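Chemist: I'll drop the sequence and a predicted model, then ask my questions.
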Amino acid sequence: MGKHKEENEDLIKYGFPEDVWFHVDKFSSAHVYLRLVEGLGIEDIPESVLEDCCQLVKYNSIEGNKENNITVVYTPWANLKKTGAMAVGQVAFHQPKEVRRYKIEKRKNEIVNRLNKTKEESFPDLAGQRAERDRVERNKVKKASAEARDLDKQRQEESAKKKEMQSYDRIMVSENMRTNREIAQ
């Protein structure tokens, strides 16, 4: 979660594709990110985790925290759109249809208190984390490509062997051929 718009800007810039972004709709608020486990999508977020993230965003919005019946918007990080003309911390969306909404009637203090008690504050190197993640992903892609090339090469070799086995070229060698006269003698 970003504390202020400059931190929010860094989170926008260095987010991971598996991150889900949360923000109070129509009010300023902290940007909260939920990092999903590899293989899970936005539709796989458990209801309790979704509620926690939305309550956290509401609580960290000056105007939104005071209001009841607010909406929290959330979307995959990759759907965030940032242009040079936008203010610091401001975003738009590439695909507005990918933006989901979660209605919060009122703040649930028991959730907010639980989250605040377990809160750990850190100042990670977001650029470094993103660079490391990208390096790992590139290595996965390279490994998968190498495995695909090896498998393709193996298939080609097997195909060539099968073709050779079915070929008459080995049988019809002129040195092995004899005429009927040679056989009769």
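Modeler: That came through fine. Residues are numbered from 1 along each chain as shown.
Chemist: From residue 6, how far off is residue 89?
Modeler: Look at residue 89 and residue 6: by CB to CB, to the nearest Å, they are 7 Å apart. C-beta here means a position set from N, CA and C on the backbone, and glycine is covered the same way.
Chemist: Looking at those two, which is more packed in?
Modeler: Between residue 89 and residue 6, residue 89 has the larger neighbour count (other CB atoms under 10 Å), namely 21 against 11.
Chemist: Assign a three-state SS to the more buried one, would you?
Modeler: What DSSP: H, G, I helix; E, B strand; the rest coil gives for residue 89 is coil.
Chemist: List the contacts of it.
Modeler: Residues in contact with residue 89 (CB atoms under 8 Å, 6 or more residues apart in numbering) are 2, 4-6, 8-9, 12, 31.
Chemist: Now the buried members of those.
Modeler: Buried by 16 or more other CB atoms under 10 Å: 2, 8-9, 12, 31, out of these.
Chemist: picking up where we left off before, could I get the contacts of residue 89 as TSV with pLDDT?
Modeler: Formatted as TSV, those follow (pLDDT from 0 to 100):
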residue	pLDDT
2	85
4	81
5	83
6	86
8	87
9	89
12	90
31	91
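Chemist: shaky segments in this structure?
Modeler: 170 (pLDDT under 70).
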